[in-house]
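A.B. asks: Sequence plus predicted model, see below.
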Amino acid sequence: MAEKIFITGNEAAVRGAVDAGAKIMFGYPITPATEILEGWIAQTVTDKSLQYLQTEDEIAAGFGVLGAVLGGAKAFTASAGIGHVLLQDPVAMAENMRLPFVGIMMQRGGPSTGTVNFSQQEVNLAIHGGNGDSFRIVYSASNVEEMYSLVIKAFSAAWKYRFPTFVLGDGYLGKMKATVELKKLLKPVESKPILSESGAPTWLRNCFSSEEELNTLLNNHITDWEKNKNKIVESESFHTNDARYLVIAHGLVASATKETVLKMRHERIRIGLFRPITLNPFDGEALRTVARGAKHIFIVESAYGQLGTIAKAELAGHNIKAKISQISKPAEGFTPEEILKEIKKHNA
Amino acid sequence: MLSTIPKSWNVKLKPHLFCPGCGHGITFKQLGFAIDGLGIQKEITMGVDIGCSLLAWNFLDVPTIQTHHGRTTPLLVGYKLVKPKRIVISYMGDGAAWGIGLQNIIHAAYRNNPVTVIVINNENFAMTGGQSSYTTLPGTITPTSPVGKSPELGAGFKGPELIRNVAHKDAYIARTTVTNPIHLLSTLKKAILAQKENNNFALVEVLSICPTNWKTGAKASLDMAFEMEKTYPIGEVK
């Protein structure tokens, strides 16, 4: 029987990493992700098979992860904001060399130091933060239990598909407490050393001397991405069957929107929610399916159109007739009532 | 018979990619002999940095990872934590060690992470065309110091001496030179043994030559290398 415990989002992330078979964490304190580092270190006190290193900066943390991964251990880091910016150096290397990398990013307000608790402004950074073509798997967790399950999923995806993988949360999600049902994997994905230890040596590089060589490598990445993206995409459609009004939202804003939807349904307004669970790759097919019946689509996010840009690109050119409105509050949260008010402003 | 090519070299990919007369080739020859002499080829994992160092990504017949600028040491710190029996060598130039990656080197030394760092100090950013480095001596003309490097920019960055101040007391920290291959070989051996036998951090700065960017012939290259020793003294840094 699955175990149920009452924990915070940050604790759920730690439990997810433990249950996914992670063996080592590298990290640098930053609000609001610090509790993940603290929580992991607490685990290492009782479980001697687990290790950690509190590094001198996020860059060292990210490269430490890559070193451990090359040695065959499941490793990860957690950060936020500007720390997430610094991590793009090692993540670019992971993307080039197809090294499994897991980062749990608890978004905070930006740009710059911004605020310490909440935003949805690290979507672009997680997806497009490298100097390549954005082959990164990006999950967005909308509640504490999902923080646990998506962290497990992130390890599986990173090791199975070999694309760097992020789980996005935020400070409110990290600090809120809820009951989580722990569903341990029967068989977590295996991790093997990538650098050889016997036999013919492996020589690995991310620098190439000809355009053709690098292009060949990237074409392999593209083939793998295109082949697997439909297996990776995930989304939730909530009360969308007959929805004339459709909200697109992710993370904690999507959780607030669920309450809005239920309230409006009580008023017999036909409204639904489309919630991407993976922001990259994106479940465009599912979105278009629910968008076809809608007459008005609202994209609601705590950023200036980061989700909006993705969603609009997925809807474009598919004969979707709905009017699309963007409701943005960069670095500020939404209550269900606010979302309801915003939608009603548009005559719903 | 005198051995001229170390057994630990990846001979299939020779001649190597370094410029004729480059100090990297000289260093790799002695590093190869050090690995052969200690009989540890099967235990070595190598990391190489960016710049000319990356040309060594398949130089030795040992598993090797080429990383980002200045990040070879933090990557190998992570690797060593999960593979404590491997002997890890972090290979880079003075730009990586004393510029962009200095913070990472300082902390690896401070924590006494068992990693052997080899820094090739050729007093310039060689791969990008010989720009001034932190170790470039005052007065030197480079593409980024066209009228000679101003003394106000520093008298020459003494990395090993800096690291000595924060490193564990048993860490091995030394400077050697490509002009003295016997000293180079013995220093590299000690730096590897510090990790292998005592689980200590080790750092060797190798004073090197860069005929291509220095625009010097054989004699002038050597003269300049000897000149470097006046600012950067050879031997263990205690």
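C.D. replies: Nice, thanks for sending it over.

A.B. asks: so residue A:147 touches residue A:169, yeah?
C.D. replies: Yes - contact criterion C-beta atoms under 8 Å: residue A:147 and residue A:169 qualify, at 5.7 Å. Just so you know, the C-beta spots here come from the backbone N, C-alpha and C atoms, and that holds for glycine as well.

A.B. asks: Need the overlap of contacts for these two.
C.D. replies: With contacts defined as C-beta atoms under 8 Å, 6 or more residues apart in numbering or on different chains, the residues adjacent to both residue A:147 and residue A:169 are A:9, A:13, A:141.

A.B. asks: Which residues does the helix or strand hosting the second one contact?
C.D. replies: If I follow you right, that is residue A:13. The secondary structure element spanning residue A:13 is helix A:9-19 (assigned by DSSP states H and E). By C-beta under 8 Å, 6+ apart, the list of residues contacting helix A:9-19 from outside reads A:5, A:7, A:25, A:32-33, A:35-36, A:39-40, A:43, A:47, A:50, A:76, A:78, A:102, A:104, A:106, A:141, A:143-145, A:147-152, A:155, A:167, A:169, A:173-176, A:178, A:180, A:182, A:184-185, A:188.

A.B. asks: got the buried residues for the lengthiest helix in chain A?
C.D. replies: If you go by DSSP state H, chain A has its longest helix at helix A:211-232. When burial is assessed from 16 or more other C-beta atoms under 10 Å in any protein chain shown, helix A:211-232 yields the following buried residues: A:221, A:225, A:228-229, A:232.

A.B. asks: next one: stretch B:176-184
C.D. replies: Counting neighbours by 16+ other C-beta under 10 Å, one finds that the buried residues in stretch B:176-184 are B:176-180, B:183-184.

A.B. asks: May I see those residues arranged in TSV, with pLDDT, secondary structure and distance to residue A:331 as well?
C.D. replies: Converted to TSV, these look like this (pLDDT from 0 to 100; DSSP: H, G, I helix; E, B strand; the rest coil; distance: C-beta to C-beta, whole Å):
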residue	pLDDT	secondary structure	distance to residue A:331
B:176	98	strand	53
B:177	98	strand	55
B:178	98	coil	54
B:179	98	coil	58
B:180	98	coil	59
B:183	98	helix	58
B:184	98	helix	55
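
A.B. asks: Phi first, then psi, for the spatially closest residue to residue A:122 that is not a sequence neighbour.
C.D. replies: Residue nearest to residue A:122 in three dimensions, not counting chain neighbours: residue A:107, with 4.4 Å by C-beta to C-beta, 6 or more residues apart in numbering or on different chains. Geometry field for residue A:107 lists phi and psi as phi -60, psi 140, criterion degrees, to the nearest 10.

A.B. asks: Double-check residue A:107 against residue A:78; I have them as touching.
C.D. replies: No - assessed by C-beta under 8 Å, residue A:107 is found out of contact with residue A:78, at 11.8 Å.

A.B. asks: how about the residues of chain A near chain B?
C.D. replies: Near chain B, the residues belonging to chain A are A:23-24, A:26, A:51, A:53, A:55-57, A:59-60, A:63-68, A:70-73, A:75, A:89-90, A:92-93, A:193, A:195-198, A:201-207 when assessed by C-beta under 8 Å from any C-beta of the partner chain.

A.B. asks: same thing but 7 Å
C.D. replies: With C-beta under 7 Å from any C-beta of the partner chain as the criterion, chain A meets chain B at residues A:23-24, A:26, A:51, A:53, A:55-57, A:59-60, A:63-68, A:70-73, A:89, A:93, A:195-196, A:198, A:201-207.

A.B. asks: Identify the residue of chain B closest to chain A, quick one.
C.D. replies: In chain B, no residue comes nearer to chain A than residue B:78, which is 2.9 Å away by C-beta to the nearest C-beta.

A.B. asks: Quick check: that residue is in a helix.
C.D. replies: Yes - assignment of residue B:78 by DSSP: H, G, I helix; E, B strand; the rest coil places it within a helix.

A.B. asks: how close does it get to residue B:192?
C.D. replies: As for residue B:78, its distance to residue B:192 is 20 Å (criterion: C-beta to C-beta, to the nearest Å).

A.B. asks: Between the two, point out the one with more neighbours.
C.D. replies: Neighbours per residue (other C-beta atoms under 10 Å in any protein chain shown) separate residue B:78 from residue B:192, with residue B:78 holding more: 31 against 26.

A.B. asks: Which helix or strand contains the residue with the largest distance to the centre of chain A?
C.D. replies: Of all residues in chain A, the one whose C-alpha sits farthest from the chain's mean C-alpha position, using C-alpha atoms, centre = their mean, is residue A:199 at 37.7 Å. Applying DSSP H and E as the criterion places residue A:199 outside every helix and strand.

A.B. asks: distance of it from residue B:42?
C.D. replies: For residue A:199, the distance to residue B:42 (C-beta to C-beta) stands at 10 Å.

A.B. asks: what residues are up against residue B:87?
C.D. replies: Listed by C-beta atoms under 7 Å, 6 or more residues apart in numbering or on different chains, the contact partners of residue B:87 are B:40, B:43-44, B:192, B:195-196.

A.B. asks: Can you lay out those as JSON lines showing secondary structure and distance to chain A?
C.D. replies: JSON lines is the format used below for the contacts of residue B:87 (DSSP: H, G, I helix; E, B strand; the rest coil; distance: C-beta to the nearest C-beta, whole Å):
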{"residue": "B:40", "secondary structure": "coil", "distance to chain A": "13"}
{"residue": "B:43", "secondary structure": "helix", "distance to chain A": "9"}
{"residue": "B:44", "secondary structure": "strand", "distance to chain A": "9"}
{"residue": "B:192", "secondary structure": "helix", "distance to chain A": "17"}
{"residue": "B:195", "secondary structure": "helix", "distance to chain A": "15"}
{"residue": "B:196", "secondary structure": "helix", "distance to chain A": "16"}
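
A.B. asks: Closest one of those to residue B:117?
C.D. replies: Of all these, the one sitting nearest residue B:117 is residue B:195; the distance, using C-beta to C-beta, is 9.9 Å.

A.B. asks: number of nearby residues for that closest one?
C.D. replies: Counted with other C-beta under 10 Å, residues neighbouring residue B:195 total 23.

A.B. asks: So it versus residue B:182, what's the distance?
C.D. replies: 22 Å.

A.B. asks: Ok, residue A:297 next?
C.D. replies: Distance, residue A:297 to residue B:182, by C-beta to C-beta: 75 Å.

A.B. asks: again with residue A:271
C.D. replies: For residue A:271, the distance to residue B:182 equals 81 Å [C-beta to C-beta].

A.B. asks: what's the answer for residue B:212, then?
C.D. replies: Distance check for residue B:212 against residue B:182: by C-beta to C-beta, it reads 26 Å.

A.B. asks: ok, now residue A:47?
C.D. replies: 49 Å.

A.B. asks: Quick check: residues of chain B near chain A?
C.D. replies: Near chain A, when you scan chain B using C-beta under 7 Å from any C-beta, you find B:42, B:45, B:54, B:57-58, B:61-68, B:71, B:74-79, B:81-83, B:103-104, B:107.

A.B. asks: For the one residue in chain A that gets nearest to chain B, which residues are in contact?
C.D. replies: Scanning chain A for proximity to chain B using C-beta to the nearest C-beta identifies residue A:67 as nearest, at 2.9 Å. Contact partners of residue A:67, counting by C-beta under 7 Å, 6+ apart, are B:75-79.
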